[in-house]
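S.K.: Got a predicted structure plus its sequence, pasted below:
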Amino acid sequence: MRVVIADDSVLIRAGVVRVLELAGHEVVAETGDGTALLAAVERHRPDAVVADVRMPPTFKDEGIVAAVRIRERWPETAVLVLSQFVEERYATDLLARDTARVGYLLKDRVADIDSFIEALERVAAGGTALDPEVVAQLLVRRPADPLDRLTPRERDVLALMAEGRANTAIATVLAVSESAVGKHINNIFMKLDLQPDDLGHRRVLAVLRYLAA
Amino acid sequence: MPTTEELRRTRWTQAGQDALFLITGLPLWLGAMVMLTVWSKPLQDVQFLGAGLGDGDIVVRFALSVMVIVALMLTIAPILTGWQRRRFRGMAGIEILEVETPRIYKRQVRAALRSEALRRQVVYHLLAGPLIGVALAIMGFAIGISVFLVFQIPQHMLGIGRYQPDFRGQKLFAQVFSLLVSVVTAYFAPFLLRLLTRADETAARRLLGPNETVVLAHRVQTLSESRAAAIEAADAERRRIERDLHDGAQQRLMSLAVHLGIARKTLKDVEQVPPEAMAVIIDAHEQVKEAMAEIRNLVRGLHPAVLDDRGLDAALSGVAARSAVPVRLTVGSTGPLSASVETVAYFVVSEALANVVKHSHAKQAEVDVERRDGLLLIRVGDDGVGGADAQGGTGLTGLAQRVASVDGRLRLTSPSGGPTVLTAELPCGA
């Protein structure tokens, strides 16, 4: 996979490059700010972008702005945003259009090499990767709504769905059988009033409902 | 410790300064009197003022004169005050605060007549000042005489003056007595000058400066400005620390964690690696990840960047999610808030939740934030054991101070057995 990375810290760039190369991916460009990132994506058309949030010149949300721009202009490029802090508000910006090919993780997660690479590959394959901390932030803002009808276990399942995990992965994380996960998911669809048409579509809708509420 | 010699020198230097300062006052005090007399005299006499009045209308004449004098005095008082203020600043380094007074020539007659500040100024220019002037004149006269006598007496004694020496009686006694008086006067002159200077300063502060209410209001203004500046500085410091940690320690820790992660991954399937060494690597990797989480939580409590970037509502998600006790967060429409109110509000929620986690044994906490009637209302409640003491913890005292810094109020109800509710009301404009 061809990857462009953006981070104003040389130290962190070097770390990410190592991890990516260890996993057999090619880093085609390294940039230090949002404008340079957009230019590099224009030139290299990478499969995926790994970008920091706080970058020059304002050190605010350049990475998020650039990521949203990339998702608009080059929807086939997967975007994984990394940050020292995750904020649900930035996540909402990132996921405003759709939840495909996008990820938002704490930088800490890069240190868990295997799961980081797994998340990047999942995003590049069209999935979602949301940091559990972002999900926790979204959870504290639940007003009284259909989501309140979910049992704690169903909430766990939905949170993992929002992180972009497949049923097998959810089953592994929660240490239950895959059929049990399927049952939970059906309950979630029912409680959120999602009609049984396309299964994948319902899944996205459930996650969106969960994120947007 | 200054020596006696030095003390004496300062005393005389001071006396010189005082004398100069008081003497410069003389023309201004005299000026007020003179101007009043000179200007009011012809005005009283001009024909139209007395037109149609007989000589008997003395009451009317008197009333007219009084009116003219009052009008004149109210006109020149602010001008004289300005000069006096310059004199105090220039000659004695004393700042007499300026008072805005109504001006007759700007047709603010009614206001000028009612102005308490103007009345006080007139009292200074016509009464206090001239009195000090007179005292100064008497003193100057005494000193003058003493100097004259000091030069005269030896001549008397030597018999070379205009007067013949008279060794026979009262005249000599009178001369010796005069000499004594002159010496005493000269000796005490510095103290008297100091006294007069002080008197002038006190009179000017009381009569030319703003009254006590205005001075207090001014002081409140200064204090609240400096308080705001101090809080601003503290917040700037928090931001700086946050940025420094973000650019420094956090990046180094992350780099370290990534390298340990790589080591752990690459060595995992290598058979030659001793299990102990592998265990150490795994342990180090886990520890550095914990350190990253700890530093992140610490920095999050300082001043999150998202607070500046997206406001209070957005920043509260992070602090609520971080809490070990589950939190339900409800933020109503708050509208635009000042940065200081947002910072204090964030601090209130952050500290209150930290207290819930530490002391309450609660299973659930609730945070409600809304704006009502120009107040930002923050309510943090929990279902814990209660019994929290507003005076007890330093955390709550610090919190109360932060809330007071934006003129807000903090209330805590925490009966034994719970529930505990902390409420903060922060004024945030209508």
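M.R.: The structure has been received and is ready for your questions.

S.K.: Can you tell me which residues in the stretch 151-300 of chain B are near chain A?
M.R.: Contact residues, the stretch 151-300 of chain B versus chain A (Cβ under 8 Å from any Cβ of the partner chain): B:243, B:246-247, B:250-252, B:254-255, B:257-262, B:264-266, B:285, B:288-289, B:292-293, B:296, B:299-300. The way it works is simple: take the backbone N, C-alpha and C, and place the C-beta from them, glycine included.

S.K.: Tell me, domain by domain, which residues of the chain belong where.
M.R.: Defaulting to chain A. A:2-131, A:142-212 (automatic domain parsing).

S.K.: switch to chain B, that's the one I care about
M.R.: B:4-207, B:244-301, B:307-427.

S.K.: Any chance of JSON lines for these, columns mean pLDDT and distance to residue A:130?
M.R.: Listed next are the domains of chain B as JSON lines, based on pLDDT from 0 to 100; distance: least, Cβ to Cβ, whole Å:
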{"stretch": "domain B:4-207", "mean pLDDT": "76", "distance to residue A:130": "61"}
{"stretch": "domain B:244-301", "mean pLDDT": "92", "distance to residue A:130": "17"}
{"stretch": "domain B:307-427", "mean pLDDT": "89", "distance to residue A:130": "13"}
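
S.K.: Indicate which one of the domains of chain A is closest to chain B.
M.R.: Minimum separation from chain B across the domains of chain A (Cβ to the nearest Cβ) falls at domain A:2-131, 3.6 Å.

S.K.: Could you give the separation between the terminal residues of the closest one?
M.R.: 23 Å (Cα to Cα, to the nearest Å).

S.K.: what ranges of chain A fall below the confidence cut-off?
M.R.: A:142-146, A:196-201, A:212-213 (pLDDT under 70).

S.K.: hmm, try it at 80
M.R.: A:97, A:139, A:141-149, A:193-213 (pLDDT under 80).

S.K.: Single out the most deeply packed of the domains of chain A.
M.R.: When the domains of chain A are scored by mean count of other Cβ atoms under 10 Å in any protein chain shown, the highest mean neighbour count falls to domain A:2-131 (a mean of 20).

S.K.: Next one: residue B:335 from chain A, what distance?
M.R.: 17 Å (Cβ to the nearest Cβ, to the nearest Å).

S.K.: helix or strand for the residue nearest to that residue when sequence neighbours are not counted, which one?
M.R.: Excluding its sequence neighbours, the residue lying closest to residue B:335 (Cβ to Cβ, 6 or more residues apart in numbering or on different chains) is residue B:371, at 5.8 Å. Assessed by DSSP states H and E, residue B:371 sits inside strand B:365-372.

S.K.: Can you spell out which helices and strands pack onto that strand?
M.R.: helix B:312-322, strand B:327-331, helix B:339-355, strand B:375-382 (3 or more Cβ pairs under 8 Å, 6 or more residues apart in numbering or on different chains; DSSP states H and E).

S.K.: Now name the helix or strand holding the nearest residue to residue B:214 once chain neighbours are set aside.
M.R.: Distances taken as Cβ to Cβ, 6+ apart put residue B:99 closest to residue B:214, at 7.1 Å, once the chain neighbours are dropped. According to DSSP H and E, residue B:99 maps onto no helix or strand at all.
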